[in-house]
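Visitor: give me a 3D structure for the following:
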Amino acid sequence: MSTPVSIDVTSLGKVGVLFGGRSAEREISLLSGNGVLTALQSRGVDAHGFDTGLRPLTELAAERFDRVFIALHGRFGEDGSLQGALEQLGIAYTGSGVMASAVAMDKIATKMMWLQKGLPTPTYAEIERGADLAPILAGLGLPLIVKPPHEGSTIGITKVDTADAFQAAVDVAAGFDDVVLAEQFVTGREFTVAILGAGKDARALPICEIVAPQGNYDYQNKYFTDDVQYFCPADLSVELSAEMQRLALAAYRALGCEGWGRIDFMLRTDDQQPFLIEANTSPGMTGHSLVPMAARATGLGYEDLCLKIVASARLKLHKGKGQ
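Guide: Predicted coordinates:
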């Protein structure tokens, strides 16, 4: 069991918890942000909520926060745009910096980076509007997964089992993004690895397995039902668990992530080969969320996890001459 986090809360200064926002994941961000805000206040932190979907950046600057906990999910909060604004305002923030946030938010860019580093991720194709789907289908085979590259929480994702369903799936994803991602479907078990820290000091938490009804880990099942089963630590051999944690750290570092994050996996049934699916640089912090679950497996409670994350907030960009 871990010892309680020992942090002088007065050293944190005035803390803003940024939540809500304008993305398709606003509803979940409100849940995450309010959870974090309550947790920090319960530990005596001078914490204040700030809904970036309702209040402009001028008001954020006027609040004179010493640091902020980013509890935003999706566009305008997890994609590097807000991180850039915070760098300009000189406000320390949690999680990854501008570049890592932008790359991790783009599932295609993420896969390109992982493949360049020799890390395993399912074969994929980019689909532009009006593209001929026949050669893509021939190259990827069935079943496959179609998703918008810049959304999270399984928004806009469709599993395609027949050739006739491919176009409809592309149309759904194209409602969110101009370019659509199609990738080979990996038949197997679903896992996630939460990570805390940066660089060589980053450490992987116990692996969580997700067992959803009929394998359907969709938006509703993720956040609003109790039908999904979670096993943490996951039932894996010591060797396989260590390998998946190694891959998760390699994937996290390849993108330049820091502070905290989560790497999602599929473990293929046939040969027990793990495949990296995506990275999350501002994971959920709701009652159903996986990072708090993994932290609890080490003895780190929700409130202490929030404290640990907010204490890691910093500015990431190097100062120029004369700064």
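Visitor: past the helix or strand of the chain with the lowest mean pLDDT, which element shows up next along the chain?
Guide: Sorting the helices and strands of the chain by mean pLDDT, DSSP states H and E puts helix 219-223 at the bottom, at a mean of 43. Using DSSP states H and E, the next helix or strand after helix 219-223 towards the C-terminus is strand 229-231.
Visitor: contacting residues around that next one?
Guide: Contact partners of strand 229-231, identified using C-beta atoms under 8 Å, 6 or more residues apart in numbering, comprise 208-212, 290, 293. The C-beta positions use only the backbone N, C-alpha and C, and glycine is treated the same way.
Visitor: selecting buried members of these in ChimeraX, what would you type?
Guide: Those of the contacts of strand 229-231 that meet the burial criterion (16 or more other C-beta atoms under 10 Å) are gathered into one ChimeraX selection, given here:
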select :208,209,210,212,290,293
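Visitor: in a helix, Arg262, correct?
Guide: No: the assignment for Arg262, made by DSSP: H, G, I helix; E, B strand; the rest coil, is strand rather than a helix.
Visitor: residue contacts, it?
Guide: Going by C-beta under 8 Å, 6+ apart, Arg262 touches 192-195, 279-280, 283, 290-291.
Visitor: now do Phe185
Guide: If a contact means C-beta under 8 Å, 6+ apart, then Phe185 has 122, 142-145, 159-160 as its contacts.
Visitor: rewinding a little: restricted to helices, list the contacts of strand 229-231.
Guide: Of the contacts of strand 229-231, the ones assigned to helices by DSSP state H are 290, 293.
Visitor: mind giving me TSV with the contacts of strand 229-231 and columns for pLDDT and distance to Leu137?
Guide: Written out in TSV, the entries for the contacts of strand 229-231 read as follows (pLDDT from 0 to 100; distance: C-beta to C-beta, whole Å):
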residue	pLDDT	distance to Leu137
Cys208	97	33
Glu209	97	31
Ile210	94	28
Val211	92	29
Ala212	81	26
Leu290	95	32
Met293	96	37
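Visitor: the contacts of strand 229-231: which two are farthest apart?
Guide: Ala212 and Met293 (14.7 Å; C-beta to C-beta).
Visitor: that older thread, which one of the contacts of Phe185 is nearest Gln245?
Guide: Taking C-beta to C-beta as the measure, Gln245 sits nearest to Pro122 out of these, at 19.9 Å.
Visitor: Leu140: neighbour count?
Guide: By other C-beta atoms under 10 Å, the residues close to Leu140 number 20.
Visitor: also Arg268?
Guide: 15.
Visitor: give the contact list for it.
Guide: Taking C-beta under 8 Å, 6+ apart as the test, what Arg268 contacts is 186-188, 274-275.
Visitor: tell me the pLDDT at Lys159?
Guide: We have a pLDDT of 92 for Lys159.
Visitor: run through the stretch 151-300 of the chain and note the low-pLDDT ranges.
Guide: Across the stretch 151-300 of the chain, the stretches falling below the confidence threshold (pLDDT under 70) are 152-153, 214-226.
Visitor: next, the buried residues of stretch 60-77.
Guide: For stretch 60-77, the buried set under the neighbour-count rule, 16+ other C-beta under 10 Å, comprises 60, 65, 67-77.
Visitor: do stretch 277-289 as well
Guide: So for stretch 277-289, counting by 16+ other C-beta under 10 Å, buried means 277-286, 288-289.
Visitor: for it, the distance to its chain's centre please.
Guide: Stretch 277-289 has its C-alpha centroid displaced from the chain centroid by 4 Å (C-alpha atoms, centre = their mean, to the nearest Å).
Visitor: circling back to that earlier point, would a markdown table of the contacts of strand 229-231 with distance to Leu54 be doable?
Guide: A markdown table is the format used below for those (distance: C-beta to C-beta, whole Å):
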| residue | distance to Leu54 |
| --- | --- |
| Cys208 | 33 |
| Glu209 | 37 |
| Ile210 | 32 |
| Val211 | 37 |
| Ala212 | 33 |
| Leu290 | 28 |
| Met293 | 30 |
